[in-house]
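1. Just to be clear, the model below is a prediction. Sequence and coordinates:
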Amino acid sequence: MLAKTNGLVALSIPAIHSPVRRARGAFAASLAAALFFLAGSTCDRPPAVPDSVKGPAVVIRNQDGQDWTVTVELARTPLERQKGLMWRWSLPKDHGMLFIFDDLAVRSFWMKNTRIPLDMIFIGPDNRIVGIVENAEPYTETKRMVEKPSRWVLEVAGGECATRGVKAGDLVYFFRIGE
């Protein structure tokens with residue numbers, strides 16, 4: 001648009017920063033950011049289990065997006081769950097036992113005849129960690145539990161959760177557990 005003022009010709013351009021244009025620009029920027037995040041985010045993609053893990057495994061993705069793969073033994077039956085990791089002198093790094101239950105309930109565990117300290121990771125029906133009991137003391141009958149219901153409980157060597165930055169709310173993926 002041309003305008004004549006005091007003998008000068010000025011070009012008038014409609015305001016670039018009109019509310020409608022700002023809203024369109026903000027929407028486009030938000031959409032681009034969302035698409036970039038979804039396309040490149042590892043947090044939304046299921047992890048891959050390393051080829052070296054041949055049996056059942058659990059992968060925990062912490063809130064920083066780091067994955068921790070744990071090779072697991074399965075405890076499905078009441079007898080397997082009762083025995084758990086009792087009588088063991090050690091538990092290899094990145095190994096544990098996954099207790100599998102058919103129902104959702106508040107679970108409690110003890111350390112009777114368990115020789116090694118354990119971290120107990122309680123997992124809810126949405127595959128998120130609902131609570132952790134860290135460094136449970138060996139040879140005790142004190143009930144270890146969290147107040148939220150769980151369907152799975154993963155036991156790993158004591159101190160691993162702190163080392164790996166695993167916390168309540170982290171996401172858990174199951175591989176080859178037969179469910």
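-> All right, it came through fine. Residues are numbered from 1 along each chain as shown.
2. Where does pLDDT dip in the protein?
-> 1-44, 179 (pLDDT under 70).
3. what about the strands in the chain?
-> For the chain, strands defined by DSSP state E occupy the ranges 2-5, 8-11, 57-61, 67-75, 95-105, 108-109, 118-123, 129-136, 144-145, 150-157, 171-175.
4. Using TSV, lay out the ones you listed together with distance to residue 46 and mean neighbour count.
-> Yep, even glycine has a C-beta here, placed from its N, CA and C like the rest. As requested, the strands of the chain are exported to TSV (distance: least, CB to CB, whole Å; neighbours: other CB atoms under 10 Å):
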stretch	distance to residue 46	mean neighbour count
strand 2-5	60	8
strand 8-11	56	8
strand 57-61	8	22
strand 67-75	10	20
strand 95-105	17	16
strand 108-109	28	16
strand 118-123	16	26
strand 129-136	17	19
strand 144-145	29	18
strand 150-157	17	24
strand 171-175	6	18
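5. Please tabulate those in JSON lines, including the columns distance to residue 83.
-> Rendered in JSON lines, the data for the strands of the chain read as follows (distance: least, CB to CB, whole Å):
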{"stretch": "strand 2-5", "distance to residue 83": "89"}
{"stretch": "strand 8-11", "distance to residue 83": "85"}
{"stretch": "strand 57-61", "distance to residue 83": "19"}
{"stretch": "strand 67-75", "distance to residue 83": "8"}
{"stretch": "strand 95-105", "distance to residue 83": "10"}
{"stretch": "strand 108-109", "distance to residue 83": "12"}
{"stretch": "strand 118-123", "distance to residue 83": "14"}
{"stretch": "strand 129-136", "distance to residue 83": "16"}
{"stretch": "strand 144-145", "distance to residue 83": "16"}
{"stretch": "strand 150-157", "distance to residue 83": "12"}
{"stretch": "strand 171-175", "distance to residue 83": "21"}
